[in-house]
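# 3D model of this:
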Amino acid sequence: MGRGGEGLWETVRARDPSISEETIQSFGHNMFGNDFVFSVTRDFVKNCRTPLFLQPGTDKPHPAKTSEEIAALAPNIEVQKEWRAPTHLDESIRRVRAFLECNTPKG
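Next up is the predicted model:
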């Protein structure tokens, strides 16, 4: 299993031995088996008309390069670059609420 999936089988089996290895391997492939994000392609992101709100990643599981690519590909995206650290918490809450209020269907 690729990026980030190491040890998944052992971790899941320790929590719930009834889950089959096949199910865990399938999940692991969907999560970590691609070179982009989870189970979507670049073409999917490029053609996604659903509004997206992105708080870019900066660590190994959420690489900055991937966030930059998503921001460049997605046609309907809002990016909050400064969101990490407690000093940005109030602004993050305000921005997420505003995004949801603007993009949640009424009625």
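
# helices or strands up against the top helix by length along the chain?
In the chain, taking DSSP state H as the definition, the longest helix is helix 89-103. Judged by 3 or more CB pairs under 8 Å, 6 or more residues apart in numbering; DSSP states H and E, helix 89-103 is in contact with strand 52-54. For every residue, glycine as well, the C-beta is placed using N, CA and C.

# which elements pack onto the strand it packs on?
In terms of contacts (3+ CB pairs under 8 Å, 6+ apart), strand 52-54 is packed against helix 64-73, strand 77-79, helix 89-103.

# could you dump those to CSV with mean neighbour count, mean pLDDT and distance to residue 43?
What follows is the helices and strands packed on strand 52-54, written out as CSV (neighbours: other CB atoms under 10 Å; pLDDT from 0 to 100; distance: least, CB to CB, whole Å):
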stretch, mean neighbour count, mean pLDDT, distance to residue 43
helix 64-73, 15, 95, 9
strand 77-79, 16, 97, 16
helix 89-103, 12, 97, 22
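
# quick one: closest of these to residue 14.
Among the helices and strands packed on strand 52-54, helix 64-73 comes nearest to residue 14, with 29.4 Å by CB to CB.

# low-confidence bits of the chain, can you list those?
Counting by pLDDT under 70, the chain shows low-confidence ranges at 1-6, 8.

# how is it divided into domains?
For the chain, automatic domain parsing gives the domain ranges 1-33, 40-103.

# how far off centre is the longest one?
Taking the mean of its C-alpha atoms, domain 40-103 sits 9 Å from the chain's own mean (CA atoms, centre = their mean, to the nearest Å).

# so how far does that domain reach from one end to the other?
22 Å (CA to CA, to the nearest Å).

# the chain should start at 45 in everything you say after this.
Sure, I'll start numbering at 45, so the last one becomes domain 84-147.

# put together a markdown table for the helices and strands packed on strand 96-98, with distance to residue 90 on each row.
Putting those into a markdown table (distance: least, CB to CB, whole Å) gives the following:
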| stretch | distance to residue 90 |
| --- | --- |
| helix 108-117 | 5 |
| strand 121-123 | 11 |
| helix 133-147 | 19 |
